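Undergrad: got a predicted model here, sequence first, then my questions.
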Amino acid sequence: MTEDPLLTSLLAAVAAAPDDVPLRLHVAELLAAARRPAEALAHCSHVLAVEPGNAAALALLQRLTAALSAATPPAPAQPSTFDWAKAEEQVADIAAPAFAQDASSPPVEDVEIARRPTVRLADVGGMDEVKQRLELAFLGPVRNPELARRFGTTARGGLLLYGPPGCGKTFIARAVAGELGAKFVEIGIADVLDMWVGRSERNLAELFRTARRNAPCVLFLDEVDALGQKRSNLTHSGSLRNTVNQLLAELDSATGANDGVFVLGATNHPWDLDSALRRPGRFDRMLLVLPPDAPARAAILRHHLRDRPVAELDLAALVKATEHYSGADLAHVCDTAAERALALSMRSGTVQPLTTRDLLGAAREVTPSTGPWFAAARNVALFGNTDGSYDELAAYLKRNRSL
């Protein structure tokens, strides 16, 4: 191709002044006229990099793109020589991926309904105040529907159990189901959340449908704050926002009557729940489940020591030394003391039973896990209790200033 002397001089000028926009546009126009659109496009792109809104460059870019598209002939179709039949035979015995499911397919498995729990509230050691609140707010209207109707009360809606971890919220929920003679379905976050779009909402709807089919039924949502997070904190997670919306719809019985389905929720962080979940007809009642009181601690310690060799035991001293310990902490104390006694027994060759000294030593070693929870809850009770929801928690903290 014979080079135009004028164009050669202009290209040299462009090389000396690469950001001269009028010069580059003039060169691009000359290249386009000389049927060299690819080179013209490079100069046009440089102009737009310097001045993104340059109207002349944008118009030229449109003409150059159209010219390049028209100049590129479609690739000729190549005859296929691949033997698809043979390939299908080779992979015929390979199972399809287990995680790939069509959106219209049924859920992976139906929800397994637990048998009716045999545990009752009488099996919950101590915690008389919690039992009384449960009886008045939840169990009483269920057991006496006619009387409750005359007073205009009902068990409709949900009950939210909250408090430090390890204090028996799940055990109490099972005991409620036992009192009602109802089946018990426990739902965790793994039963609902799914990586596929729309499956989390579908799983939640199926769990509620299964509970309705098996009424009377206690539907227990463990760690409900994970499923019902504040939607204002989920601006970048549309899937979780939709899950919260689905939970609200199911609690409102948007897809079916919840008669005979008693919804209990448990959380360690009620202040993280979406405020819509606390409205009437949903989780409109809250019950604070505190660390076990003295009678409850005595019952828990007896339970964990019943099948272990014990020489002598000052239960009152041990109960006094484990104030503010959760039920899980008390189990850890017994396990720690048993490990020490086991090690001593293996060294001596004879069984060394547990003593009060062993258990008190283990209690000094195990730090109560409720401390960090109360530290966080104190700020909520003091500065976030605008509607009185945490009055009971604030009163407890006032009585126990050491927490």
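TA: Now that the structure is in, tell me what you want to look at.
Undergrad: tell me, how many residues neighbour Leu134?
TA: Counted with other C-beta atoms under 10 Å, residues neighbouring Leu134 total 22. Quick note: C-beta positions are derived from backbone N, CA and C, even for glycine.
Undergrad: against Ala175, how distant is it?
TA: 9 Å (C-beta to C-beta, to the nearest Å).
Undergrad: give me the common contacts of the two.
TA: Common neighbours of Leu134 and Ala175, using C-beta atoms under 8 Å, 6 or more residues apart in numbering, are Leu121.
Undergrad: spell out which residues make up each domain of this structure.
TA: 5-69, 121-288, 294-367 (automatic domain parsing).
Undergrad: out of those, flag the one nearest Asp387.
TA: Smallest distance to Asp387 across the domains of the chain (C-beta to C-beta): 9.0 Å, for domain 121-288.
Undergrad: now do the SS call for Gly281.
TA: coil (DSSP: H, G, I helix; E, B strand; the rest coil).
Undergrad: now it: how far from Val176?
TA: 19 Å.
Undergrad: who has more neighbours out of these two?
TA: Val176 (25 against 12).
Undergrad: now for that one: which residues touch it?
TA: Val176 neighbours (C-beta under 8 Å, 6+ apart): 121, 134, 138-139, 218, 262, 264.
Undergrad: tell me the one of those residues nearest Leu41?
TA: Leu264 (67.2 Å).
Undergrad: in terms of helices and strands, where is the closest one?
TA: strand 261-267 (DSSP states H and E).
Undergrad: can I get whichever helix or strand comes after that strand in CSV? Just the C-alpha atoms.
TA: Counting by DSSP H and E, the element after strand 261-267 in chain order, helix or strand, is strand 285-288. Extracted C-alpha coordinates of strand 285-288, given in CSV (Å, rounded to 0.1, in the frame of the first residue of the first chain):
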residue,chain,number,x,y,z
ARG,A,285,-44.5,-12.2,73.2
MET,A,286,-40.9,-12.5,74.6
LEU,A,287,-39.7,-14.7,77.4
LEU,A,288,-36.3,-14.1,79.0
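Undergrad: any idea of the mean pLDDT in strand 285-288?
TA: In this model, strand 285-288 carries a mean pLDDT of 90.
Undergrad: show me what that strand is packed up against.
TA: Applying 3 or more C-beta pairs under 8 Å, 6 or more residues apart in numbering; DSSP states H and E, one finds that strand 285-288 contacts helix 128-134, strand 158-162, helix 391-399.
Undergrad: nearest to Arg24, out of those?
TA: Between the helices and strands packed on strand 285-288, strand 158-162 lies closest to Arg24; by C-beta to C-beta that is 68.2 Å.
Undergrad: which strands border the closest one, and is each parallel or antiparallel?
TA: Strand pairing for strand 158-162, using DSSP bridges, gives strand 261-267 (parallel), strand 285-288 (parallel).
Undergrad: what angle do it and helix 391-399 make?
TA: 20 degrees (axes from the mean of the first three to the mean of the last three C-alpha atoms, to 10 degrees).
Undergrad: outside of strand 158-162, which residues touch it?
TA: The contact list for strand 158-162 (C-beta under 8 Å, 6+ apart) reads 134, 137-138, 169, 172-173, 224, 251, 262-270, 273, 278, 282-289.
Undergrad: buried residues, stretch 39-59. List them.
TA: Using 16 or more other C-beta atoms under 10 Å as the test for burial, stretch 39-59 gives 39-41, 43-44, 46-47, 54, 57.
Undergrad: which SSE is Phe184 in?
TA: Applying DSSP H and E as the criterion places Phe184 in strand 183-187.
Undergrad: which secondary structure elements does the helix or strand that that strand is followed by contact?
TA: Downstream of strand 183-187, the first helix or strand assigned by DSSP H and E is helix 199-213. Other helices and strands packing on helix 199-213, by 3+ C-beta pairs under 8 Å, 6+ apart, are strand 183-187, strand 217-221, helix 238-251, strand 261-267.
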